[in-house]
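Trainee: Sequence and predicted structure are below.
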Amino acid sequence: MAAQNNREELFDIVDENDQVIGTAPRRRCHGDPSLIHRTAHVVVFHPDGKRILLQLRTRTKDIQPGKWDTAVGGHLDHGEEYESAARREMHEELGLDPDLPLRFLFDSRIRNSVESENVRVFCTESAGPFRFQASEIDEVRFFSREELEAIRPDCTPNLLLELEKLKQWNLF
């Protein structure tokens with residue numbers, strides 16, 4: 001979620017069918033759940049297939065500070081496509097090669113009192129090394145299924161939703 005040369009980020013606003021109907025600055029989208037905007041997430045699996053990478057959001061984040069979250073997540077810039085944003089974000093947030101193979105997993109929606117997002121979830125595989133974005137992330141770490149159960153109270157609601165979908169579809 002990189003700022004654009006000190007200008008405020010501008011997001012496409014979409015309807016319930018994910019069709020663009022306008023634009024709004026980030027500051028308006030976070031705080032007005034009527035402004036549905038788009039995000040892309042990337043689930044990073046360890047090559048051993050037994051662990052998943054998570055990021056610990058910094059305590060200065062405006063949404064869900066200090067919580068464990070999907071390894072990569074970021075808003076789409078105005079006019080950007082989901083996959084392009086996913087590749088950009090995995091490079092910005094983790095230092096991963098944006099040309100790593102990405103696979104579409106599913107779409108989901110976040111609807112709460114703070115924001116409304118349409119989320120497209122992809123996955124990739126990597127053991128690192130990771131050069132994470134310290135302004136956004138305090139830590140990255142692989143977790144087994146068992147370890148994830150122990151940290152559930154410290155996870156974002158969106159991560160919990162994604163983990164349930166991964167489990168339902170036998171992806172993790």
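Mentor: On my side now, so go ahead. Numbers count the residues shown, from 1 in each chain.

Trainee: The nearest residue to residue 14 once chain neighbours are set aside: how many residues sit nearby?
Mentor: Nearest non-adjacent residue to residue 14, counting by C-beta to C-beta, 6 or more residues apart in numbering: residue 36, 5.1 Å away. For glycine as for every other residue, the C-beta is placed from the backbone atoms N, C-alpha and C. Residues near residue 36, counting by other C-beta atoms under 10 Å, number 22.

Trainee: my guess is residue 36 contacts residue 17, does it?
Mentor: No - in this structure, residue 36 is not within contact of residue 17 by C-beta atoms under 8 Å, at 10.1 Å.

Trainee: Can you tell me the centre-most residue of the protein?
Mentor: residue 73 (1.9 Å; C-alpha atoms, centre = their mean).

Trainee: just the CA coordinates of the helix or strand where it lies, formatted as PDB?
Mentor: Take DSSP states H and E as the rule and residue 73 turns out to sit in strand 72-75. What follows is strand 72-75, C-alpha atoms only, in PDB (Å, rounded to 0.1, in the frame of the first residue of the first chain):
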ATOM      1  CA  VAL A  72       0.400  -9.600   1.200                       C
ATOM      2  CA  GLY A  73      -2.500  -7.300   1.000                       C
ATOM      3  CA  GLY A  74      -3.100  -3.900  -0.600                       C
ATOM      4  CA  HIS A  75      -5.500  -1.600  -2.200                       C
END
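
Trainee: ok, residues contacting stretch 53-66?
Mentor: Under the contact criterion C-beta atoms under 8 Å, 6 or more residues apart in numbering, stretch 53-66 has outside partners 30, 44-46, 67-73, 93-94, 114-115, 126, 130, 132, 134-143, 154-159.

Trainee: make it 7 Å
Mentor: 30, 44, 46, 67-69, 71, 114-115, 132, 136-143, 156 (C-beta atoms under 7 Å, 6 or more residues apart in numbering).

Trainee: Mind checking which of those residues are in strands?
Mentor: 44, 68-69, 137-143 (DSSP state E).

Trainee: any idea of the mean pLDDT in stretch 50-66?
Mentor: Stretch 50-66 shows a mean pLDDT of 93.
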